[in-house]
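Asker: Predicted model follows, preceded by the sequence.
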Amino acid sequence: MQHSFRVFLVILAAVFSLVAAPLCGEGLALAKRSSHAAHDKDGKAAKSAKSSKTSRKKSKKPRRAKKAAAPALRESENEEGDIGVCTVPRLTVKSAMLWDMNTGGLLYEQNPDVQIPPASLTKILTLYIIFDAIRQGKLHPWDVVEVSQRAASQGGSNMRLRAGESVKVTELIKGIAVASANDACMAMAEYLENGNPDAFVNVMNDTAQRLGMTRSRFMNPNGLPADGQVTTARDMLRLASAYLEQFPKALTIHSMQFFTHNNRQRHNANALLGRYEGADGLKTGFVCASGYNIIATAKRGDTRLIGVVLGSRSAGVRLRETSKLLDKGFKIVAAQKSAKDNKVLAATPPPPPVTPALP
């Protein structure tokens, strides 16, 4: 009996397991699908929320980017455009200097003592010696110079001198200053030293040393390429300042944009003339070993600046960088004058009140 009952229970359990198993599996599958659905729903909801957040972000006005701090060598200005730190952006040249001729203040320098071939800036020293000879009475503007074959055959820029022709000193000076005439430089060197240009070069180097141009050496009177012929921005600034202090009337020639001799018109290579406000000199130069050089001067009001830029990679870069240098110089001077005027006003006591006269 008991045995039969146990058998019955085993059979009942087997039947129950056969019936319940599919139901449990289906329940598990349903639970699994429900879990997946919930997960998908949550995922989609999260994705939707993220998308909505991104959309809201995109719909917002973009934040104004913060201004990066200005580099140390760049100009610093406040929102109103007033000059804060009056520094000059570094120039893309080999060396440069800027000087206020009125106050003697140095406004900018960049590698001022790097030696570089002077090219035609040499001609300012040649002109200095010519004008000095006129001042001393050793030479006269109306003197007539006979051009030698050596002078007429000088290469590079010239005023088309012909061997054997006679030319006044005034014309040769214009040719040197405006047309950058190598032939005129040689003609004057020979004339002043009785046909010996080497003696003239010795005078050039003696004069350079006297002016404090300690890192310069000259090998010819016109700046044509020559081994050992070098100068620096500092030395050229010393030369230019002495030249303009002692011979200021020379600017009437340096500011000429054209010069004609022997039916050939030459254009002054100083592109600042007629283009930059106040520019009236001084001299450009170029040789492959140095690049494009310039001694520039400009006057606005009672302020005269002298700038030296050496080693520009093109004439255009020379013009751009020199203009940038002079622009900043005039801003610096204006800021200095304004600060000085404000200081004077602040130090001046107000006038006493006026007592009205009794009737």
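Answerer: On my side now, so go ahead. Fair warning: this is a prediction, and the values are worked out from it, not measured in the lab.

Asker: What is the burial count for the closest residue to R300 other than its chain neighbours?
Answerer: In this structure, R300 finds its nearest non-sequential neighbour in G278, 4.4 Å apart by C-beta to C-beta, 6 or more residues apart in numbering. C-beta: built from backbone N, CA, C; applies to glycine. Using other C-beta atoms under 10 Å, G278 has 15 neighbouring residues.

Asker: in stretch 278-288, what counts as buried?
Answerer: Residues of stretch 278-288 classed as buried: A279, D280, G281, L282, K283, T284, G285, F286, V287 (neighbour count, 16 or more other C-beta atoms under 10 Å).

Asker: again but with stretch 131-151, I slipped
Answerer: F131, D132, A133, I134, L139, V145, V147, S148, A151.

Asker: among these, which are in helices?
Answerer: When these are checked against helices (DSSP state H), the matches are F131, D132, A133, I134, A151.

Asker: show me what contacts the third one?
Answerer: Neighbour list for A133: L139, L192 [criterion: C-beta atoms under 8 Å, 6 or more residues apart in numbering].

Asker: Now I129, what are its backbone angles?
Answerer: Main-chain torsions, I129, degrees, to the nearest 10: phi -70, psi -40.

Asker: Could I get the contacting residues of it?
Answerer: L192, F200, V203, M204, T207.

Asker: among these, which ones are buried?
Answerer: Among the contacts of I129, those classed as buried by neighbour count (16+ other C-beta under 10 Å) are L192, F200, V203, M204, T207.

Asker: List the ones among those that fall in helices.
Answerer: L192, F200, V203, M204, T207.

Asker: farthest pair in the residues you listed?
Answerer: Using C-beta to C-beta, the two most remote members of these are L192 and T207, lying 12.2 Å apart.

Asker: just to revisit the earlier point, okay, the buried ones among the contacts of I129 in a markdown table with distance to D100 next?
Answerer: Listed next are those as a markdown table, based on distance: C-beta to C-beta, whole Å:
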| residue | distance to D100 |
| --- | --- |
| L192 | 34 |
| F200 | 33 |
| V203 | 30 |
| M204 | 28 |
| T207 | 25 |
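
Asker: farthest pair in the ones in helices among the buried residues of stretch 131-151?
Answerer: D132 and A151 (20.8 Å).

Asker: before we move on, back to that, could you list which of the buried residues of stretch 278-288 belong to strands?
Answerer: Using DSSP state E, A279, D280, G281, L282, K283, T284, G285, F286, V287 are the members of those that sit in strands.

Asker: Show me what the fourth one is bridged to.
Answerer: Beta bridges link L282 to A296 when assigned by DSSP bridges.

Asker: one step back: dump the ones in strands among the buried residues of stretch 278-288 into a markdown table; add distance to M256 and pLDDT as well.
Answerer: Output for these, formatted as a markdown table (distance: C-beta to C-beta, whole Å; pLDDT from 0 to 100):
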| residue | distance to M256 | pLDDT |
| --- | --- | --- |
| A279 | 13 | 98 |
| D280 | 10 | 97 |
| G281 | 10 | 97 |
| L282 | 12 | 97 |
| K283 | 12 | 97 |
| T284 | 14 | 97 |
| G285 | 17 | 96 |
| F286 | 20 | 95 |
| V287 | 23 | 93 |
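
Asker: The spatially closest residue to L106 that is not a sequence neighbour bridge partners, please.
Answerer: Distances taken as C-beta to C-beta, 6+ apart place W99 nearest to L106, at 5.8 Å, with adjacent residues excluded. When bridges are called by DSSP bridges, W99 pairs up with L106, I306.

Asker: Help me confirm that W99 comes into contact with L107.
Answerer: Yes: in this structure, W99 is within contact of L107 by C-beta atoms under 8 Å, at 6.6 Å.

Asker: hey, what's in contact with both of those two?
Answerer: With C-beta under 8 Å, 6+ apart, W99 and L107 have common neighbours L305.

Asker: Now do the contacts for W142.
Answerer: By C-beta under 8 Å, 6+ apart, the neighbours of W142 are K168, V169, T170.

Asker: ok, now how distant is the closest residue to the second one other than its chain neighbours from D198?
Answerer: Read that as V169. Excluding the flanking residues, the one nearest V169 by C-beta to C-beta, 6+ apart is D143, at 4.8 Å. To D198, D143 is 22 Å away according to C-beta to C-beta, to the nearest Å.

Asker: what's around the residue nearest to L106, how many residues?
Answerer: As a burial measure, W99 scores 24 neighbours (other C-beta under 10 Å).

Asker: what's the answer for the one 5 residues further on, then?
Answerer: Each residue near G104 was counted by other C-beta under 10 Å, and the total is 8.

Asker: any idea how far it lies from D132?
Answerer: Per C-beta to C-beta, G104 is found 22 Å from D132.

Asker: about what we covered before: mind putting the contacts of I129 into TSV with distance to T92 and pLDDT?
Answerer: Below are those laid out as TSV (distance: C-beta to C-beta, whole Å; pLDDT from 0 to 100):
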residue	distance to T92	pLDDT
L192	39	98
F200	36	98
V203	36	98
M204	31	98
T207	32	98
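
Asker: all helices for the stretch 51-200 of the chain, in order.
Answerer: 122-135, 149-152, 169-178, 182-192, 197-210 (DSSP state H, counting those that start in this stretch).
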